[in-house]
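A.B. asks: Could you look at this predicted model? Sequence included:
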Amino acid sequence: MEESEDVPKDFIKLKSEKLSVDEVSELVVSPYCGAVSLFVGTTRNNFEGKKVIHLEYEAYTSMAETEMKKICRDVRQKWPSVKHIAVHHRLGVVPVTEASVIIAVSSPHRAESLEAVMYCINTLKASVPIWKKEIYEDEYSWKENKECFWANSEK
């Protein structure tokens, strides 16, 4: 395969089905890259002493996808050697231990893909309109991402 046949690709997905680390990482593998870096965000079973039963995610889908594509464009400007980027986020109910978000980035060397993955998750949490509801044993709570720009705009 010539490198021109392995053109950089972005894989953006919002879905209600279970996310697969293998599926997402396979999307970004390239024979021209020596690094695939991953971030997997999972549902934990506790928050501030409360037992978490599961999480529920909602999104403004079209805007979320647009913002996720913008993140990919930003990554390519900051790290031009990045080959492929995958950002998959789950919507609906996410049980404890299952993935809510998986981000994968391939690049020739590890530094670029590791930095790009961190940038992707931090920027996603700050700018993508996806909302999380934590369901506890006796109550629930909509969670505000402290990083998101609209959270501090009215204070």
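C.D. replies: Great, that's in hand.

A.B. asks: Could you report the pLDDT at the closest residue to Asn45 other than its chain neighbours?
C.D. replies: Nearest residue to Asn45, sequence neighbours excluded (C-beta to C-beta, 6 or more residues apart in numbering): Val96, at 4.7 Å. Where you see a C-beta, it was placed from the backbone N, CA and C, and this is true even at glycine. Turning to Val96, the model gives it a pLDDT of 97.

A.B. asks: Val96 and Ile135, how far apart?
C.D. replies: Going from Val96 to Ile135 by C-beta to C-beta, to the nearest Å gives 10 Å.

A.B. asks: burial count for the residue lying closest to Gly34 once chain neighbours are set aside?
C.D. replies: If the residues on either side of it in the chain are set aside, Gly34 comes closest to Pro108, at 5.8 Å by C-beta to C-beta, 6+ apart. For Pro108, the count of nearby residues is 15 (other C-beta atoms under 10 Å).

A.B. asks: I figured Pro108 hits Asp6, correct?
C.D. replies: No: in this structure Pro108 lies outside contact range of Asp6 using C-beta atoms under 8 Å: 11.9 Å.

A.B. asks: what touches both of the two?
C.D. replies: 32, 83 (C-beta atoms under 8 Å, 6 or more residues apart in numbering).

A.B. asks: Run through the residues that contact the residue nearest to Gly34.
C.D. replies: Neighbour list for Pro108: 32-35, 81, 83 [criterion: C-beta under 8 Å, 6+ apart].
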